[in-house]
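In: Fold the following and give me the result.
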Amino acid sequence: GWSSRGIQRRVKEMLEDVLKTVKADKTRIYLTGVSMGGNGAWSFATNFPNYFAAVAPVCGFGSEEVAENIEAGALKNTPVWNFHGANDVVVPCSASDSIVALAKENNVDVKYTRYERSPPPPGYASYDGHASWMQAYSEKALWDWFLTKSKDIAT
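Out: Sure thing, here's the model as predicted:
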């Protein structure tokens, strides 16, 4: 999955190849992910803590490794805005509650939007509350927030 360091290294190498060939602002590399990708966003950001200007996990969770990395200061210079639906039946909101609380305890610049009610993904009515990305990615404030963040990346 996305939490594998080997996969993350390959994705980072691909991103670096893209950044060599396209005109891009390398101080504004942002990371977001949904569900397992939300866990991947937490994991990728804590494994490569100086790479992203900001991170926005959505309806994800943090593994034990992510927690250890946060406690070790991995995100001390990386702002995070986490999103989750309180009624999520796929990834319990408590997963975000826990990792966000840990991040705050470790002085991470973290925001948390916990939607009281999120919809199910289209076509998956039994996954009630899991499509909080529909709300998160519709928030202009998220995109404005990203654009206020920049960082010289360490490759």
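
In: Ala125 versus the residue most central in space within the chain, what's the distance?
Out: By C-alpha atoms, centre = their mean, the mean C-alpha position of the chain lies nearest to Pro57, the distance being 2.5 Å. Using C-beta to C-beta, to the nearest Å, we find Pro57 at a distance of 24 Å from Ala125. To be clear about C-beta, it is placed using only N, CA and C from the backbone, and glycine gets the same treatment.

In: Tell me where the chain has helices.
Out: With DSSP state H as the criterion, the chain has helices at 5-21, 36-47, 64-71, 93-105, 132-136, 140-147.

In: Tell me which of these sits nearest to Thr78.
Out: Proximity of these to Thr78 was assessed by C-beta to C-beta; the nearest stretch is helix 36-47, lying at 6.0 Å.

In: same for the closest one, what does it pack against?
Out: For helix 36-47, the contact count by 3 or more C-beta pairs under 8 Å, 6 or more residues apart in numbering; DSSP states H and E identifies helix 5-21, strand 30-34, strand 54-58, helix 64-71 as packing neighbours.

In: which one of the ones you listed is the most hemmed in?
Out: The highest average neighbour count among the helices and strands packed on helix 36-47, using mean count of other C-beta atoms under 10 Å, belongs to strand 54-58 at a mean of 28.

In: which outside residues touch that strand?
Out: Taking contacts as C-beta atoms under 8 Å, 6 or more residues apart in numbering, the residues outside strand 54-58 that touch it are 30-35, 37-39, 41-42, 45, 75, 78-84, 96, 132-133, 136-137, 142, 145-146, 149.

In: Now that we have those residues, which of them are buried?
Out: Neighbour-count burial (16 or more other C-beta atoms under 10 Å) applied to these gives 30-35, 37-39, 41-42, 45, 75, 78-84, 96, 132-133, 136, 142, 145-146, 149.

In: Could you report the distance from the closest residue to Ser150 other than its chain neighbours to Pro92?
Out: With C-beta to C-beta, 6 or more residues apart in numbering as the criterion, Ser150 has its nearest non-adjacent residue at 4.2 Å, and that residue is Thr27. Summarising the geometry, the distance separating Thr27 from Pro92, computed by C-beta to C-beta, is 35 Å.
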